[in-house]
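Chemist: how does the following fold in three dimensions:
(one chain, ligands or ions: 2)
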Amino acid sequence: MRREALTTVDTPAIVDAVPKGARDKLAKLGIHRDFDFVLHLPLRYVDETHIYPIAHAPFGQLVQVEAVIVNSEVRFRPRRQLVCLVEDGSGEMYVRLLNFYPSQQKMLAVGSRVRLLGELRVGFLGPEMVHPQIRVVREGVPLKENLTPVYPTTAGLGQEPLRKLIGRALASCDLHDTLPAPVLKQHHLAGFEGSVRYLHEPPPDAPINELESRAHWAWQRLIFDELLAQQLSMRRHYARRHDLIAPALPAKQKLTKALLRALPFALTGAQRRTFDEISRDLSARHPMQRLLQGDVGSGKTIVAALACLQAIENGYQAAVMAPTEILAEQHYRKLHEWLSPLGVTVAWIAASVPKRARDSMLAQVASGEAQLAVGTHALFQEQVNFSRLGLAVVDEQHRFGVEQRLALHNKGVNPHQLMMSATPIPRTLSMSYYADLDVSVIDELPPGRTPIVTKLVEDARRDEVIERVRAACATGRQAYWVCPLIEESEKLQLQTALDTYQVLSSTFPDLKVGLVHGRMKSKEKAETMAAFKAGEIQLLVATTVIEVGVDVPNASLMVIEHAERMGLAQLHQLRGRVGRGAAKSACILLYSPPLSDMAKARLKIIYEQTDGFEIARQDLSLRGPGEFLGARQSGTPMLKIADIERDQAMLEQARALAEALLREAPDAAELHLARWLARAEQYLKV
Ligand code: ADP
Ligand code: MG
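Modeler: Ligands and ions are numbered 1, 2, ... in the order given. Modelled structure (predicted):
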């Protein structure tokens, strides 16, 4: 029975019967199997089930009228157009076509009877429809029995043929429920078959508004199904990786305790709690898959260091990987400073390391002499062989592609993995997109930080900003000056940075001004950063390369030019570079009017909020998840009909149900997944 159901899902009889060209178009729509037609749901509906008398048809909404053409002429003023007068006994209206074919002109010849579907408006001549849908009718042609669905489609594939194919799929596919009746009842869900039929062929009295807002019960069922499929797929993925064997790395508390004793500060409660979670994962015989989230400056590095030590005290190696060389080098310095007094050898692996030094580092990693390797994605490269890799830490994980993470993963025998992110992901999003990871959150900043004051300043008032920079540096503090992001041209961005550097250098003849940008050699970059850190440079002009992770506690002022061009997460990250010491810090966001409403809304958020999670939450609701996450998340299945914000309550339910199904009814889980997620690849494998 189950086998049969699966076969039905995968049978491509209808898709196969379509000519090749059309099949390519279907593939564009994500339709590869017959069942995909069933899941290809309408965008909206039009009501062709009844006819309005012209005199009583409401304005401003789609209506259908049936009328006879009483006049038809091509006019040339104000531009060439076909203008017809039509009449239905109750009244008259105009039909205007601005572009038209001779065939349409023929349909609209005087005397023909037509059904017109369009929006009635008050035109210059009187009531009119512009470019309505036109059908010629002989008297007595029956009206549609159902609301007409309008489907997402692609150029060259019309609504009519698509509707026919979908109708055929609805007639031949097995639409039985994948969810047991008690589950439906518990979650107040309608049956699957009833729901899809309703959505594809709604009765004439169906509430169009409710359908279009997707609040209707039929939509609710399908949205739930989609969320469930996503949760099932990610949780199953999680379960599969979890079933792999990894070295158990129990807390021996030798090196970790020693580090904690040597630190000049005590861990925050949140750091202790998250490290406990990690520590417990590491001691299991299954690979850890944990995401450590924490706002900028929340102190993730020390937690990562402790995790590495737990691996090392068990005789395994650890690797720490960062997305940029500046950041990787900073990690290297910090980890070296913390760990080498404990007798741990730390290797530094980056593209800029000269060949000889690099070869010796690689040899140390391969022999196991180096217990910790820190680097950029150079760590992924094939020449890097670990002798006993037990833990891989990936900082700013959202900046790495899935393949890169896999490449590292493949270096060891399923090492434990710790991902870190300073881009706070709102809970809904992390539940949806990181459902294949366990998540720990550092929700507390180390004590002694004074909150950063954020100011919005119009570009015209630059002089005042210059004075603030002067004042800050005069008291022995340091400042960043971040040049605008110019997405269209890297060259222009570089030029702007160079210009700004020139101007600021001559504005502040008695200050030492430095410059870092993305085009510099990494050695130069590192030298400049080191000089800034050492206090030799007081004002650092930078492109957004300093975005992540740079840690200079004495810097107390940050100026960001054209803040309106930057994303909120980026602004928040940049702002987090100051306020790292006890000094009162400020971030000045320069902007150039006029601002779009969106830009205003976003600057308001960053101005009012200091909590990265709150900023992310508001940003998400402003932009939606696709844009929020960017293209980097391409590895995660996108939701087509569900919306994780709108459907948050259902997402929670789907997640709980996914866990329960995988545990208690794995067959039902597989069936559900097969229905929703088996795409062409899967079909081909069968
Ligand atoms: P992020 O989470 O952004 O990576 P870091 O790990 O760079 O943050 O930590 C930011 C700064 O806070 C560093 O200078 C670090 O040494 C310091 N720090 C971390 N934890 C604590 C703590 N518990 N108490 C005081 N300072 C801390
Ligand atoms: Mg960091």
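Chemist: what about residue 306, neighbour count?
Modeler: 23 (other Cβ atoms under 10 Å). In short, each C-beta sits where N, CA and C put it, glycine included.
Chemist: ok, it - contacts?
Modeler: With contact taken as Cβ atoms under 8 Å, 6 or more residues apart in numbering, residue 306 is in contact with 256, 259-260, 275, 278-279.
Chemist: write the PyMOL selection for whichever of the residues you listed are buried.
Modeler: Selection of the buried residues among the contacts of residue 306 in PyMOL, burial being defined by 16 or more other Cβ atoms under 10 Å:
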select buried, resi 256+259+260+275+278+279
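Chemist: got CSV for the contacts of residue 306, with pLDDT, secondary structure and distance to ligand 1 too?
Modeler: What follows is those, written out as CSV (pLDDT from 0 to 100; DSSP: H, G, I helix; E, B strand; the rest coil; distance: Cβ to the nearest ligand atom, whole Å):
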residue, pLDDT, secondary structure, distance to ligand 1
256, 97, helix, 15
259, 97, helix, 12
260, 97, helix, 10
275, 98, helix, 11
278, 98, helix, 14
279, 98, helix, 17
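Chemist: which of the contacts of residue 306 lies closest to residue 109?
Modeler: Lowest distance from residue 109 to the contacts of residue 306 (Cβ to Cβ) belongs to residue 278, with 77.6 Å.
Chemist: and the single nearest residue of the stretch 151-300 of the chain relative to ligand 1, what pLDDT?
Modeler: Ligand 1 sits closest to residue 299 of the stretch 151-300 of the chain, with a gap of 2.9 Å, by Cβ to the nearest ligand atom. Each residue has a pLDDT score; the one for residue 299 is 93.
Chemist: burial measure for it, as a count.
Modeler: Neighbours of residue 299 (other Cβ under 10 Å): 19.
Chemist: which residues of the stretch 151-300 of the chain lie near ligand 1?
Modeler: 265, 267-268, 271, 294, 296-300 (Cβ under 6 Å from any ligand atom).
Chemist: restricted to buried residues, select the residues you listed in ChimeraX.
Modeler: Buried residues among these (16+ other Cβ under 10 Å), as a ChimeraX selection:
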select :267,268,271,294,296,297,298,299,300
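Chemist: would you mind giving the residues of the stretch 151-300 of the chain next to ligand 1 as JSON lines with secondary structure and distance to residue 123 added?
Modeler: As requested, these are arranged in JSON lines below (DSSP: H, G, I helix; E, B strand; the rest coil; distance: Cβ to Cβ, whole Å):
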{"residue": "265", "secondary structure": "coil", "distance to residue 123": "73"}
{"residue": "267", "secondary structure": "coil", "distance to residue 123": "72"}
{"residue": "268", "secondary structure": "coil", "distance to residue 123": "67"}
{"residue": "271", "secondary structure": "helix", "distance to residue 123": "68"}
{"residue": "294", "secondary structure": "strand", "distance to residue 123": "60"}
{"residue": "296", "secondary structure": "coil", "distance to residue 123": "57"}
{"residue": "297", "secondary structure": "coil", "distance to residue 123": "61"}
{"residue": "298", "secondary structure": "coil", "distance to residue 123": "61"}
{"residue": "299", "secondary structure": "coil", "distance to residue 123": "66"}
{"residue": "300", "secondary structure": "helix", "distance to residue 123": "63"}
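Chemist: contacts only, for residue 311.
Modeler: Going by Cβ under 8 Å, 6+ apart, the list of residues near residue 311 reads 249, 282, 317-318, 390-391, 416.
Chemist: list just the nearest of those residues to residue 330.
Modeler: Using Cβ to Cβ, those come closest to residue 330 at residue 318, 17.2 Å.
Chemist: what about the closest one, neighbour count?
Modeler: There are 30 residues near residue 318, going by other Cβ under 10 Å.
Chemist: got the phi and psi for the residue lying closest to residue 368 once chain neighbours are set aside?
Modeler: Of all residues not flanking residue 368 in the chain, residue 387 sits nearest, at 3.5 Å (Cβ to Cβ, 6 or more residues apart in numbering). With angles defined as degrees, to the nearest 10, residue 387 sits at phi -80, psi -40.
Chemist: residue 387 reaches residue 363, doesn't it?
Modeler: No - if you go by Cβ atoms under 8 Å, residue 387 and residue 363 don't touch, sitting 10.5 Å apart.
Chemist: pLDDT weak spots in the protein?
Modeler: 1-11, 139, 397-413, 424, 486-488, 545-550, 624-638, 678-686 (pLDDT under 70).
Chemist: and the longest strand for it?
Modeler: Taking DSSP state E as the criterion, the chain has its longest strand at strand 62-75.
Chemist: buried sites along that one?
Modeler: Buried-residue list, strand 62-75, by 16+ other Cβ under 10 Å: 62-67, 69, 72.
Chemist: the residue of the stretch 151-300 of the chain closest to ligand 1 reaches residue 268, doesn't it?
Modeler: Yes - with contacts counted by Cβ under 8 Å, residue 299 reaches residue 268, the gap being 6.7 Å.
Chemist: what touches both of those two?
Modeler: 442, 445-446.
Chemist: just to revisit the earlier point, of the contacts of residue 306, closest to residue 173?
Modeler: residue 278 (46.4 Å).
Chemist: re the thing from before, got CSV for the contacts of residue 311, with secondary structure and distance to residue 555 too?
Modeler: Shown next, in CSV, are those (three-state DSSP; distance: Cβ to Cβ, whole Å):
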residue, secondary structure, distance to residue 555
249, coil, 37
282, helix, 35
317, strand, 34
318, strand, 30
390, strand, 36
391, strand, 32
416, strand, 35
